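Undergrad: Fold the following, please.
(one chain, ligands or ions: 3)
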Amino acid sequence: MSSNPNFVLQGSALESRASYQSGSPENQWVEVLVDCPEAEAQKKLYTYRLPSELQVQPGDILSVPFGAQVLGAIAIRIKDAPPPELNSAKIKDVEDVVSAGFFPPSYWQLLNRVAEYYYTQLIQVIRVALPPGLLGRSQRRIRLIKGDKRDSPIPNPQSPIPNPQYLSPAARQILEILQAQSAGDYSFAYLQRQVRGAYRAVRELLRNNLVESYLEPPRKGRPKLQKAVTLVVDVFPIDVTQRQREILEVLRRRGGDLWLTELLQICNASSSTVKTLEQKGCVVIQEREMLRSAAEPALAEDQPKELTNDQAQALEVITNLSGFSEVLLHGVTGSGKTEVYLQAIAPILESGQSALVLVPEIGLTPQLTDRFRARFGNKVCVYHSALSDGERYDTWRQMLAGAAQVVIGTRSAIFAPLPRLGLIILDEEHDSSFKQDQPAPTYHARTVATWRAELENCPLLLGSATPSLETWVNINQGFSRESGIEGIPNPQSPIPNPQPPITHYLSLPERIQSRPLPPVEVVDMRSELQQGNRSIFSRSLTEGLQQLQERGQQGILFIHRRGHSTFVSCRSCGYVVECPHCDVSLAYHHTHEDAAQLLRCHYCNFVRSHPQSCPECGSPYLKFFGSGTQRVAQELAQAFPQLRFIRFDSDTTRTKGAHRTLLTRFANGEADLLVGTQMLTKGLDLAQVTLVGVVAADGLLNLPDYRASERAFQTLTQVAGRAGRGNDPGRVIIQTYTPEHQVIQAVRRHEYQSFIETELQQREALNYPPYGRLILLRLSSTDPAQVQETAELLAATLTQKDEDSAGYEILGPAPATILRVANRYRWQIMLKFAPDSLPHLPDFTELRFLCPSSVSLTIDVDPLNLM
Ligand SMILES: Nc1ncnc2c1ncn2[C@@H]1O[C@H](COP(=O)(O)OP(=O)(O)OP(=O)(O)O)[C@@H](O)[C@H]1O
Ligand SMILES: [Zn+2]
Ligand SMILES: [Zn+2]
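TA: Ligands and ions are numbered 1, 2, ... in the order given. Just a heads-up that it's a prediction; the model follows:
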């Protein structure tokens, strides 16, 4: 394992840094992030005094006394004075620098930039970036530097016992203790117990380069070691028995390398037999690190495909990029964007660099990760929040090791500590799951990716069939800025450029093999009703579903909501059953015939049984409104008893691996139809899917949000794009009560560009993103009066700032669309401003200072979700 020069993780690499120079300024203090649960609960930085002989930079890893322990900590800020509220006599000293420059400067800059832009504390950003427990409860240890490794001032480097005359008695005592033990290695705490003045004495020894200090990684995160058996001879010696020969043969057939347990299992042998083989010099048994990467099935190898012309052109531009640039790969659904990513990554890996690929939700796209694994094998590493802490820790260590690799991950993987980054890719860049609403930092992975690419001086590739308006405008502006052309970039006539533009627009306007995009049929559900069809399935959709089995094809049915019905209401008095903790109606859940009938809150998860009669007037006539996945599933079972379907929503995919299992069953043809929500719109590439049905598009269209149209267009286009990706032509049926809606019309005609132009005009008129910027202050409290008062106070404070030409407009304060969620009352203040003039907001601590402890405040920068 080669160690990377920038990220130094103790335990795998040692840092012997000359940080003990004298003459550094007296009286400095350092604020540190201490990594342990107690400190974390306090949500604050701790201040320590810097002994004059220590030189510390932000980003260094230190060891500090904390309570009775000595813990790992990250230096955040150097200060010339201690905080006034602390008694400076009581401030403890930093013990030592354990690892200098743990964060390379560019990475440290990135974290600081995120903290600044998103009005949040650096400590919060570091928590998002670091896997939990990376430094937690690390133990500081001291070990002898062996004579041959010592580039010391001692004349004879081979001398086993250095001349101790110039050392203090305490230092000599410690040296003796270490030398008396074969490994020459003790915990610092142990030495402190044995020797008075151990602290100074160890520093003396460090200064003389006689010992080294390191942090032992936390126990729970320790790499898992396991015995591996490696074949080391080509020709088997004659003295091996028949049985031993069999074992060697197995090992050879399996590539000469197996875990011991595996080998024993396969051969049904005992470990003593394998030991004998080791004694005979045929194999070596070694402890090796076993990476706890999430278990994934073995995959057949996959070769690069021969590219279409469009793909080849796009790839050519991408591979010729050098340095920072932003590239939009705008390819219709099924146009082969993923193949372009794969072939863009290959040369990066060959040159010893790494690539980072961000995807919306990893569980939903096992197919995508499979394609990467099939192409790049064990160079692929998956990183997302659903991994266990141990898995995350291992993945981090693997990334730090610095070998060329591909990391595929969700939002937070943008902070993956990959050295030598050569390319960043965001697949489905328009997807809103790249944005974190809360907790802070409320970052958008695309924004952070832009900064990271800039800092690492590498290209950023954004891929989508339906690019976000932000990206569209951004690419367009960069393009025209550099090349001097106005308006929408035209990929058909690339403008010759003396200097390469910093943004590029690449288009894949056709599907692979010139397959047509599926025709989209819009069904007006009002006329269905007029003609006497009361079913939730139109006649077209019914016919389409009936044909599936006959033709041996598969379909996808998209429903906007999970559950059975969105709400339950009394026919006699109109009462609607609501959540006792939130201002929303409860959704009715009924999964199958014998299952309990439940009412569930989709905001706080409150559950109650379904009442037999109206809680208000006692009437037995309760009616269900709004169809969710369960209701549709029940109606399907009634109307099409032969049809085999799989329900795919967050209720059926709760368990680990459920996504993969259900999708694999579907791909294997165990069902005719996949019925589900939003989750199935992404990246599904199945040749046998010909029919896509949208049961009711209206739920998507009429949301109280300025982004509703953009989002509806993206979702419907993506879901429609699942049809007809193989040889059989596809067909899409969208049912709606508003067939004339511009979103429906744009989806029907596969018209991205004209849709987006209309949309952009509306945004510009209202000064909404991407033309204006927004910051949303979210306040919440269990006390309705207090949160309202605080919101008013904050708004008043911000208004004063406004008079000093703060450069923003204030909307609100106003109660959130749903005032109460999980017993917390929510208020909001919106700030609107021009994108090029940063507002002069009071900083976070100032605003936070105005909030009583019972009111929590989140600053959502560039919010996507305004609810
Ligand atoms: N050059 C090629 N020749 C043959 N098949 C290809 C080629 N490029 C891609 N494909 C295949 O075409 C299918 C669609 O490609 P892919 O899934 O990459 O499209 P996409 O643009 O990412 O789609 P979406 O955005 O809809 O998820 C895949 O099965 C892929 O293996
Ligand atoms: Zn009633
Ligand atoms: Zn609730």
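Undergrad: Residue 756 is in what secondary structure piece?
TA: Element membership of residue 756 [criterion: DSSP states H and E] is helix 752-766.
Undergrad: the domain parsing of this structure - what is it?
TA: Following automatic domain parsing, one gets these domains for the chain: 28-218, 224-290, 309-513, 515-562+629-768, 563-627, 773-861.
Undergrad: now the helix or strand residue 566 falls within: mean pLDDT?
TA: Counting by DSSP H and E, the element that carries residue 566 is strand 565-570. Mean per-residue pLDDT for strand 565-570: 74.
Undergrad: Run through who's touching it.
TA: 575-577, 585-588, 599, 610, 614, 616-617, 619, 621-628, 631 (CB atoms under 8 Å, 6 or more residues apart in numbering). Just so you know, the C-beta spots here come from the backbone N, C-alpha and C atoms, and that holds for glycine as well.
Undergrad: If any of those are buried, put those into a PyMOL selection.
TA: To isolate the buried members of these in PyMOL, using 16 or more other CB atoms under 10 Å:
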select buried, resi 575+577+585+586+587+588+599+610+614+622+624+626+627+628+631
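Undergrad: Mind checking which of the contacts of strand 565-570 are in strands?
TA: If you go by DSSP state E, these have 587-588, 599, 622-627 in strands.
Undergrad: picking up where we left off before, can you name the next helix or strand after the helix holding residue 756?
TA: strand 773-781.
Undergrad: what's the offset of that following strand from the middle of its chain?
TA: Here strand 773-781 is found 23 Å from its chain centre; the criterion is CA atoms, centre = their mean, to the nearest Å.
Undergrad: now swap in stretch 62-75 and tell me
TA: With CA atoms, centre = their mean, you get 29 Å for stretch 62-75.
Undergrad: quick one: contacts of the longest strand along the chain?
TA: Longest strand in the chain by number of residues, with DSSP E as the criterion: strand 809-821. Strand 809-821 is contacted by residues 581-584, 603-604, 704, 778, 784, 788, 791-792, 794-795, 798-799, 802, 825-833, 866-867 when judged by CB under 8 Å, 6+ apart.
Undergrad: Partner strands of it, with direction?
TA: Using DSSP bridges, the strands paired with strand 809-821 are strand 824-833 (antiparallel).
Undergrad: Run a quick neighbour tally on the residue nearest to residue 680 when sequence neighbours are not counted.
TA: Of all residues not flanking residue 680 in the chain, residue 648 sits nearest, at 5.4 Å (CB to CB, 6 or more residues apart in numbering). Number of residues near residue 648 (other CB atoms under 10 Å) recorded here: 26.
Undergrad: The stretch 401-550 of the chain against ligand 3: which residues are in contact?
TA: Neighbours of ligand 3 within the stretch 401-550 of the chain, by CB under 5 Å from the ion: none found.
Undergrad: pLDDT weak spots in the stretch 401-550 of the chain?
TA: For the stretch 401-550 of the chain, the stretches flagged by pLDDT under 70 are 478-501.
Undergrad: Pick out the residue in it sitting closest to ligand 1.
TA: Residue nearest to ligand 1 within the stretch 401-550 of the chain (CB to the nearest ligand atom): residue 512, separated by 4.0 Å.
Undergrad: what sits opposite residue 463 in the beta ladder?
TA: Beta-bridge partners, per DSSP bridges, of residue 463: residue 329, residue 427.
Undergrad: my guess is it contacts residue 430, does it?
TA: No: taking contacts as CB atoms under 8 Å, residue 463 lies outside contact range of residue 430: 9.7 Å.
Undergrad: Enumerate the positions of the lengthiest helix in the chain that are buried.
TA: When the chain is parsed with DSSP state H, its longest helix is helix 784-803. For helix 784-803, a neighbour-count test (16+ other CB under 10 Å) marks 786-791, 794-795, 798, 801-802 as buried.
Undergrad: again with stretch 395-415
TA: Buried residues in stretch 395-415, defined by neighbour count with 16+ other CB under 10 Å: 395-402, 404-415.
Undergrad: With stretch 367-385 instead?
TA: By neighbour count on 16+ other CB under 10 Å, the buried set for stretch 367-385 is 367-376, 379-384.
Undergrad: What of stretch 734-743?
TA: Of the residues in stretch 734-743, 734-736, 738-739, 741-743 count as buried by neighbour count, 16+ other CB under 10 Å.
Undergrad: Name the residues of this structure found near ligand 2, please.
TA: 570, 572-573, 575, 614, 616-617, 619.
Undergrad: CSV for those, including distance to residue 668?
TA: Listed next are the residues of the chain next to ligand 2 as CSV, based on distance: CB to CB, whole Å:
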residue, distance to residue 668
570, 45
572, 49
573, 50
575, 47
614, 46
616, 49
617, 51
619, 48
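Undergrad: can you redo those residues as CSV with distance to ligand 1?
TA: Below are the residues of the chain next to ligand 2 laid out as CSV (distance: CB to the nearest ligand atom, whole Å):
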residue, distance to ligand 1
570, 44
572, 49
573, 48
575, 45
614, 47
616, 48
617, 51
619, 49
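Undergrad: Restrict those residues to those that also contact ligand 3, please.
TA: Answer for the residues of the chain next to ligand 2 near ligand 3: none qualify (CB under 5 Å from the ion).
Undergrad: Beyond the helix or strand that contains residue 214, next helix or strand please.
TA: Remark: residue 214 resides in strand 211-216, with elements defined by DSSP H and E. With elements assigned by DSSP H and E, the helix or strand that comes after strand 211-216 is strand 224-231.
Undergrad: just how off-centre is the following helix or strand past that next one within its chain?
TA: Moving toward the C-terminus from strand 224-231, the next helix or strand (DSSP H and E) is helix 242-253. Distance, stretch centre to chain centre, for helix 242-253: 44 Å (CA atoms, centre = their mean).
Undergrad: Could I get the average pLDDT for helix 242-253?
TA: Rounded mean pLDDT across helix 242-253 is 84.
Undergrad: now that helix and strand 224-231, what's the angle there?
TA: Angle of helix 242-253 versus strand 224-231, following axes from the mean of the first three to the mean of the last three CA atoms, to 10 degrees, is 110 degrees.
Undergrad: Within the sheet, what are the partner strands of the helix or strand following helix 242-253, with directions?
TA: Later in the chain than helix 242-253, the nearest helix or strand by DSSP H and E is strand 257-259. Here strand 257-259 is paired, per DSSP bridges, with strand 224-231 (antiparallel).
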